[in-house]
Every structure is written in structure tokens, then in C-alpha cells.
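Q: A structural model of the following input is requested.
(one chain, ligands or ions: 2)
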Amino acid sequence: MEEKIVIKNLTKEFYDEQRGAIKAVNDLSFTAYAGEIFGLLGPNGAGKTTTLRMMATLMKPNAGTISINGFDTDQDAQNVRKSMGFLSATTALYPRLSPREIITYFANLNGYPEENTKERVEELIKHFGITKYADTLSEKLSTGMKQITSIARTIVHDPPVLILDEPSSGLDVIVAQKIHEHIIDLKNQGKTIIFSSHNMGEVEKVCDRIGVINNGKLLTTGTLDELREITGKYYMEEIFIYLVQEYESVKQKELETAND
Ligand SMILES: Nc1ncnc2c1ncn2[C@@H]1O[C@H](COP(=O)(O)OP(=O)(O)OP(=O)(O)O)[C@@H](O)[C@H]1O
Ligand SMILES: [Mg+2]
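A: Ligands and ions are numbered 1, 2, ... in the order given. Okay, the predicted model is just below:
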């Protein structure tokens, strides 16, 4: 399996006047491979977005390394950016531009060959079912239409790695399902996708492997079946709650008993 994302001992601290030092990401390591959807889960404030922002070269870690498509985020940020599409949870579309204009703009911004841009944009508009509103100002679009447009603009330059921070948050089940189909389709094309979500049902459905973080630390990673094995629980929701609330103390107790 080809390693596409390699994160080693990643750490990020913030300083906040009120809260003091915050270890948002604490010695985090994981690897994601070509052709897989890796789910990054964790409670609110666990450090998911901070991790994804460092991967997208929008923020520098205090320690640790990130390699994406063979490029180091610190040494070669430009090639990292070319190798990935990043959809942040707070991405807004330019209100005065239409989906067609926005997708074209991102193709240019990410260095997609100019002579092929028009064809690529039209292909995506058709593929994502945007045709009917491709020329409507994005300020007039619904949340779902905006999100589909955002996904199209994230992948327009055809990068091997996609980083999606809560891509289906706020969407109805039909649009969410469409987005799942697109993401699975991209995976089948061999892309590596990092997928963060609070929706345990969709995580069960789309993720090949799952990493759960809490307080900036990675608790464990595995396939759904492996997580079932580790936790003794069946549904992702129960697995998640167990990992976040009990796993650490159970492991600690086991260690103490072993040392007795
Ligand atoms: N710019 C910042 N300055 C100070 N603290 C920050 C900053 N960004 C994030 N944090 C803190 O870092 C921690 C991790 O936040 P982060 O946004 O990565 O969590 P998250 O896992 O994405 O949560 P959510 O599920 O709510 O999106 C939180 O305690 C947050 O308050
Ligand atoms: Mg977040």
C-alpha cells in the first residue's frame, strides 16, 4: 500500500489569555494510504481541525512532521498544496460569483492547465449535477448547493489527496448521500481522503479506517471491525463513546494490574 499521508509526532500548542496554554494536538501520528478514506473523529475541541489545518499548510506545528504525497509541509509547502484539496468546515463561497466562476477560479488558483480548464469545469458541473444553478450567484444558493459546489472546487485540480473537514454537516440525507457517493467514487479512483465528521452513521458507511482523537491525542486507529474488536462494542456511536470516555482509564488499569 502506497503511503500518501504520513504524520509523525505532531504537536500544536496555542496560548490563550483566558485559558492559558492549550495543547490542541499532542504527539499525534498516523498514516493514510492511496485509495482509502480515513475518518478522523473526536469530540468538539479534540484537535481535528487544527490537525487538518496543519496538513493544509495553513498553520505550522510546534513539533512533528507531515508528509503529503511525498512532500514535507515544512520543506515543500507549494508541492503539498498542489497535491491536495482542502475543504474547511468554515469554507465560504464568494457570494458574488457563480459555481461555474468559482470552480474555474480554483482551477486557475491551483495551477490546473489553462487549455484544459473549461473542459474540466464543465465535466465537474455535469458530474455533480450543478448544471441548473451553475450561473446563479452563490449567495442565492441553498446550503446543499453551496456544499456541492465547494466539493467540486476542492477537487477541480484533480489532487491525489483530499482533506475534508465535516463535508456533510448541515446537509439533508439526500444531498449527504450524494456527497458520500462522490467521495467513495474519488476513493475508487485511488485518492486518499481524510474525512472528519460527527455523524457516526456516515462514518460507518464511508470510512475504510478510523482514527479517534481526544484532547489532541490519538486514542486508536483501525477498521470498523478492528475497533469493534478493541472495544467490544458494535455500533460506531457506542465505540466512539467508549473510546472517548472509558478506553484510557481501562488501559491504565490494565497497565497497573500488569505491573503489580
Ligand atoms: N487559533 C486558536 N487559538 C487558541 N486556541 C485555539 C485556536 N484554534 C483552536 N484552538 C483550541 O484548540 C483546541 C482544538 O480545536 P479544534 O478546532 O482543532 O477542535 P475540533 O476537533 O476541530 O473540534 P470541533 O469538532 O468542535 O470542530 C480547542 O481547545 C480550541 O479552542
Ligand atoms: Mg473542527
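Q: Quick one: residues contacting the residue of the chain found nearest ligand 2.
A: As assessed by Cβ to the ion, ligand 2 sits closest to residue 49 within the chain, at 3.1 Å. The C-beta positions use only the backbone N, C-alpha and C, and glycine is treated the same way. Applying Cβ atoms under 8 Å, 6 or more residues apart in numbering to residue 49 gives the contacts 88-89, 165, 196.
Q: Show the buried residues in the residues you listed.
A: 88, 165, 196 (16 or more other Cβ atoms under 10 Å).
Q: just curious, which of those is nearest to residue 211?
A: residue 196 (9.9 Å; Cβ to Cβ).
Q: how about that closest one, what does it touch?
A: So residue 196 contacts 39-41, 48-49, 52, 89, 164-166 (Cβ under 8 Å, 6+ apart).
Q: circling back to that earlier point, and the buried ones among the contacts of residue 49 as TSV, adding pLDDT and distance to ligand 2?
A: Listed next are the buried ones among the contacts of residue 49 as TSV, based on pLDDT from 0 to 100; distance: Cβ to the ion, whole Å:
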residue	pLDDT	distance to ligand 2
88	91	9
165	95	6
196	97	7
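Q: tell me the SS of residue 22?
A: strand (DSSP: H, G, I helix; E, B strand; the rest coil).
Q: what's the closest non-adjacent residue to it?
A: The shortest distance from residue 22 to any non-neighbouring residue, by Cβ to Cβ, 6 or more residues apart in numbering, is to residue 14 (4.6 Å).
Q: Spell out which residues of the stretch 101-250 of the chain are next to ligand 2.
A: Within reach of ligand 2 by Cβ under 5 Å from the ion, the stretch 101-250 of the chain has no residues at all.
Q: those helices in the stretch 101-250 of the chain, which residues are they?
A: Here the stretch 101-250 of the chain has its helices, by DSSP state H, counting those that start in this stretch, at 114-127, 143-155, 173-188, 200-206, 224-231, 236-242, 248-259.
Q: I'd like to know which of these lies nearest to residue 64.
A: Using Cβ to Cβ, the nearest of the helices of the stretch 101-250 of the chain to residue 64 is helix 248-259, at 21.1 Å.
Q: related to what we said a few turns ago, per-residue confidence for the residue of the chain closest to ligand 2?
A: On pLDDT, residue 49 comes in at 97.
Q: Export only the CA atoms of the helix or strand where it lies, formatted as CSV.
A: Following DSSP states H and E, one finds residue 49 within helix 48-55. In CSV, the C-alpha atoms belonging to helix 48-55 read as follows (Å, rounded to 0.1, in the frame of the first residue of the first chain):
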residue,chain,number,x,y,z
LYS,A,48,-9.3,17.7,14.4
THR,A,49,-9.5,21.0,12.6
THR,A,50,-6.1,22.1,14.0
THR,A,51,-4.6,18.8,12.6
LEU,A,52,-6.2,19.3,9.2
ARG,A,53,-5.2,23.0,9.0
MET,A,54,-1.5,22.0,9.6
MET,A,55,-1.8,19.3,6.9
